[in-house]
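Q: okay, predicted coordinates and the sequence, questions at the end:
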Amino acid sequence: MTKSELIALLAAENPHLRQPDIELIVATIFDEITAALARGDRVELRGFGAFSAKRRDARTGRNPRTGAAVPVAGKAVPYFKPGKELRERVNGGPPAAAAPVRRPARIASKVA
């Protein structure tokens, strides 16, 4: 789903709101998430997931064409961790209970 498809869907589900207002709401939400990540904050949406920025250290990479070593600067990378409710809905319900793992019995040996 694209941003414009999301706006169209919200407009169809909420006919009492004007399309420009919905566009402003969606843009504001995305802008605030982006600004929070740029500040180094974490954004948690209960039942959906959490956005955070993970730091990648500087490293030496390789140019795939020439094979020459190239320095790659450290950077922050956006990361999304889905919440439990989102994972369950995507997977079609709560995960089935796994059978307990049976471990072999330990044999105690007596040392005389």
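A: That came in fine, so what should we check first? No experiment lies behind these values; they were computed from the predicted model shown.
Q: going forward, measure contacts and count neighbours with C-alpha atoms only.
A: Fine.
Q: so residue 82 sits right up against residue 45, yeah?
A: No. Applying Cα atoms under 8 Å as the test, residue 82 and residue 45 come out as separate, 9.5 Å apart.
Q: okay, these two: which has more neighbours?
A: Each of residue 82 and residue 45 has its neighbours counted (other Cα atoms under 10 Å); residue 82 has more, 17 against 10.
Q: beta-bridge partners for the closest residue to that one other than its chain neighbours, please?
A: Spatial nearest neighbour of residue 82, excluding adjacent residues (Cα to Cα, 6 or more residues apart in numbering): residue 49 at 4.1 Å. With beta bridges defined as DSSP bridges, residue 49 has these partners: residue 45, residue 82.
Q: verify the contact between residue 49 and residue 86 for me.
A: Yes. Taking contacts as Cα under 8 Å, residue 49 lies within contact range of residue 86: 7.3 Å.
Q: overlap of the contact sets of these two?
A: Residues touching both residue 49 and residue 86 (Cα atoms under 8 Å, 6 or more residues apart in numbering): none.
Q: which parts of this structure are helices?
A: 3-13, 19-39, 84-90 (DSSP state H).
Q: which stretch among those comes nearest residue 65?
A: helix 19-39 (32.7 Å; Cα to Cα).
Q: low pLDDT regions in this protein?
A: Counting by pLDDT under 70, the ranges of the chain that qualify are 94-112.
Q: which residue is nearest the middle of it?
A: residue 80 (1.6 Å; Cα atoms, centre = their mean).
Q: what's that residue in contact with, if anything?
A: 49-52 are the contacts of residue 80 under Cα under 8 Å, 6+ apart.
Q: with residue 55 instead?
A: 74-77.
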